[in-house]
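S.K.: Here's my sequence, what's the structure:
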Amino acid sequence: MRRTYLQFLKYFVKNPRTPVQLIHFITSRCNAKCGHCFYWSQLNTKGELSREEIDKLTRNLPDLVILNISGGEPFIRADFAEVIKTYYRNTPVKEVTVPTNGTFTEKMRKDCIDILQNCPGLELNVVVSLDGLEKIHDEIRQVKDCYKTAKKSFLMLKGLKEQYPHLQVSVVSTLTSLNQDTVEEFHQEVNTHWQPDIFGMNLIRGEAKKMNLFGVNLKNYKKFFALQSKSRKRGIKSLVRDAMNKLRTGANIRMVEEKKMVVPCQAGNLMGVMYEKGDVYPCELLNGRPLGNVREFDYDFRKLWASERNRAAGKFINESKCYCTHECFQRFNIIYRPSFVLAQFFASLFGKSKIINSLSPNQKSTKMDSGKDLAHHGPDLIQLGKMRGVRVNRESPLEQSGHDVSDLPDSKSSGVQENKSTNSPAEEVWANR
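M.R.: All right, here's what the predicted structure looks like:
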């Protein structure tokens, strides 16, 4: 983490030619049917960039420091380890984060060992997605024994840490209406029996498959981070991370409640998103502002990033004071504004920081209805995503939408389908490849 921040310092005095942080959806294939997934309508489709194409485009990412892999389920991709090694070989990347549902235990083990042995110095953070206690998690993910398999994979990764100190094993959850009432029990379960290096929680965002999961009360979001702050590990690294989490979480709460930008966004400048077919966007929510496809630019990311479309997107973000709750991007937004960090720090010394104070479970919401706190902030979270462009048009924002992977193109060829065996579907799929 320290080397990552040092690498980042030069961008205070010069603009990057390409993203410093890139989210790359390396595949749309997925074996789960998560109700809160904002990418559900694009899953299990054809046309993802080949490794040869990724090799070409990574030769034109001279400023990349942080790589966030996404999908789909990243470990479904057969050449996953080769993709990461290609990034390591062709770019100055220092930190790679990989979220996973943890259902491909043996594939994860082989790939992680391959990466760690061949990418010395790379900080690899594998983040197991966990959406609540076992029954809740399996209900959300719609995969047989998903919780048990995820825990098996997590413990396997923790075992690898003894040999590979640059491996970090974390847990992340998405707060939804289905898991918010068990935040305390869930936090205790993970901290006691999983003991991840980092335990985080994101707010549901975008266009979920099941929109009623947006019925989230921010008090439960605050409750989680209060528990995290109390249980944090000792040491300067943990202290810095806790301070960053407070600023990031507090900023998200203020933006949802006040419906305005709190920290200027650097999407399209420092950060960008590339989907599995090569389509590039400034962020995950600005669906109406595509910047182009790397194939159209002969895989030269520098030309795409310098395009008129990206300049127009940056102008829109700045002039409209665009805001959202995307936790991954908020970290850089905050780091890039040291004046904001210092102002909140000094204000907090006197109990005057609105950002820090918003984290208090006893703090009254700025969103009131006839003098009473609303039951939940779902409409605000839904509108926040809709106003930035939607992938799926719906008559009602709370419409229930089914999602059967077998009805989508390429679901059979990808091997992602229902399985009746006693093993988890993902393990059976991989075993039969």
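S.K.: residues near Gly292, how many?
M.R.: 17 (other C-beta atoms under 10 Å). The way it works is simple: take the backbone N, C-alpha and C, and place the C-beta from them, glycine included.
S.K.: Equivalent analysis for Pro120, please.
M.R.: By other C-beta under 10 Å, the residues close to Pro120 number 8.
S.K.: Make sure it is indeed in a strand.
M.R.: No - counting by DSSP: H, G, I helix; E, B strand; the rest coil, Pro120 is not part of a strand but coil.
S.K.: for it, phi and psi?
M.R.: Here the main-chain torsion angles of Pro120 (degrees, to the nearest 10) amount to phi -60, psi 130.
S.K.: which residues does the residue nearest in space to the middle of the chain contact?
M.R.: Among the residues of the chain, the one closest to the centroid is Cys328, at 5.7 Å (C-alpha atoms, centre = their mean). Cys328 makes contacts with 21, 23, 68, as judged by C-beta atoms under 8 Å, 6 or more residues apart in numbering.
S.K.: Kindly recompute the last result at 7 Å.
M.R.: Each residue near Cys328 by C-beta atoms under 7 Å, 6 or more residues apart in numbering is listed here: 23, 68.
S.K.: in which helix or strand would I find it?
M.R.: helix 327-335 (DSSP states H and E).
S.K.: name the helices or strands packed onto the following helix or strand past that helix?
M.R.: For helix 327-335, the following helix or strand on the C-terminal side (DSSP H and E) is helix 338-349. Here helix 338-349 touches helix 354-357, going by 3 or more C-beta pairs under 7 Å, 6 or more residues apart in numbering; DSSP states H and E.
S.K.: Give the burial count for the residue lying closest to Asn269 once chain neighbours are set aside, as a bare number.
M.R.: Spatial nearest neighbour of Asn269, excluding adjacent residues (C-beta to C-beta, 6 or more residues apart in numbering): Gly314 at 6.0 Å. For Gly314, the tally of surrounding residues (other C-beta under 10 Å) stands at 16.
S.K.: can you check Ile198 too?
M.R.: For Ile198, the neighbour count with other C-beta under 10 Å is 17.
S.K.: got it, and Asn15?
M.R.: The burial count for Asn15: 9, using other C-beta under 10 Å.
S.K.: Could you measure from it over to Lys110?
M.R.: 40 Å (C-beta to C-beta, to the nearest Å).
S.K.: cool, Ile23 as well?
M.R.: Distance from Ile23 to Lys110, by C-beta to C-beta: 24 Å.
S.K.: Looking at those two, which is more packed in?
M.R.: Neighbour count, other C-beta under 10 Å: between Ile23 and Lys110, Ile23 has more, with 22 against 14.
S.K.: what sits against the more buried one?
M.R.: Applying C-beta under 7 Å, 6+ apart, we find Ile23 in contact with 68, 70, 273, 284, 328.
S.K.: and the nearest residue to the fourth one once chain neighbours are set aside, backbone torsions?
M.R.: In space, and not counting its chain neighbours, Glu284 is closest to Val273: 5.4 Å by C-beta to C-beta, 6+ apart. Recorded main-chain torsions at Val273 are phi -130, psi 130, according to degrees, to the nearest 10.
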